[in-house]
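> fold the following for me, if possible:
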Amino acid sequence: MQEFEEDFYAILGVEEQASPEEIRKAYLRLAKRLHPDRFPYDAEQRALAQTEFAKVTRAHDIISDAQRRNEYDALRALSKIRGGGSAQTQPSPPEPAGAPGTEPHALSVDPGPPMTKFQQQQTTVDEENINVKWANKHLARADDLYRKKKYQEAETAMKEAIRLVPTDPKYRNKLAEIYFARGWKTLAMTEVQAALRIDPRDGEAKALEAKIKVAVKTQSQSQQATKSKGNIIDQLKSIFAPKKP
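Predicted structure coming up:
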């Protein structure tokens, strides 16, 4: 489980209970400040802004969507459970009278009973199930975006699915399909090969691999034919060009 490792609320600078309007305003404020176009003549600052802008955009994409936000919150809750027990913070007792400036009492934290081996195994299973569920939602969303030819958004969705479940070739295959539609044959082949490393017998990956190879070969032949045609035309021009006296 990797999604909860980043605190999207902290990235946007909002509370976990923030309303959709508060989230939207926080994103717009940060997007305006971090947009790479603000640094057209400073490559270093532009690169830094691009990195931070990407983080802010991803955080907003997750917690601005009610369903994805619920799933993200569930992942964070599981993370806390996996850490062992629930923390119960007791309020500090009042400062004794007549002792101004005394250090306040430390908060007492009850970590709860340690998790049993079975509970740890069950938590891991629950995490994996949630990861697969969320990854499949990203896949369905990418399919819809792909049909609408919104390839960049579809690519982002599939990268999130792969982060959640890196061991299932179908997510790699879908990303390869998206890259191929964008004309990025090398990147598409890279994803297909990654899928085949996961499962060398995966039929979808093999079919995509053959499709990409045919496209690359056809493109090469077309380029060669165009080059040959240009050479023939140049030769004809040379033959029929008027001779200098």
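
> residues near Lys25, how many?
By other CB atoms under 10 Å, 14 other residues sit near Lys25. For every residue, glycine as well, the C-beta is placed using N, CA and C.

> please read the previous query as pertaining to Ala49.
Neighbourhood size, Ala49 [other CB under 10 Å]: 18.

> any idea of the pLDDT on it?
With respect to pLDDT, Ala49 scores 84.

> work out for me the element it sits within.
In the assignment (DSSP states H and E), Ala49 maps to helix 43-63.

> buried set for that helix?
Judged by neighbour count (16 or more other CB atoms under 10 Å), helix 43-63 contains these buried residues: Arg46, Ala49, Phe53, Lys55, Val56, Thr57, Arg58, Ala59, His60, Asp61, Ile62, Ile63.

> mean confidence (pLDDT) on stretch 211-226, please.
Stretch 211-226 comes out at a mean pLDDT of 84.

> same question, stretch 164-176
92.

> go through that stretch and flag the buried ones.
For stretch 164-176, burial by neighbour count (16+ other CB under 10 Å) applies to Leu164, Val165, Asp168, Pro169, Lys170, Tyr171, Arg172, Asn173, Lys174, Leu175, Ala176.

> what segments of this protein are strands?
For the chain, the strands defined by DSSP state E cover 88-89, 109-110.

> if we can go back for a sec, which one of the buried residues of helix 43-63 sits closest to Glu191?
Arg58 (20.1 Å; CB to CB).

> nearest spatial neighbour of the residue positioned nearest the centre of the chain, skipping sequence neighbours?
Taking CA atoms, centre = their mean, the centroid of the chain lies closest to Glu160, which sits 3.5 Å from it. Excluding the flanking residues, the one nearest Glu160 by CB to CB, 6 or more residues apart in numbering is His138, at 5.1 Å.
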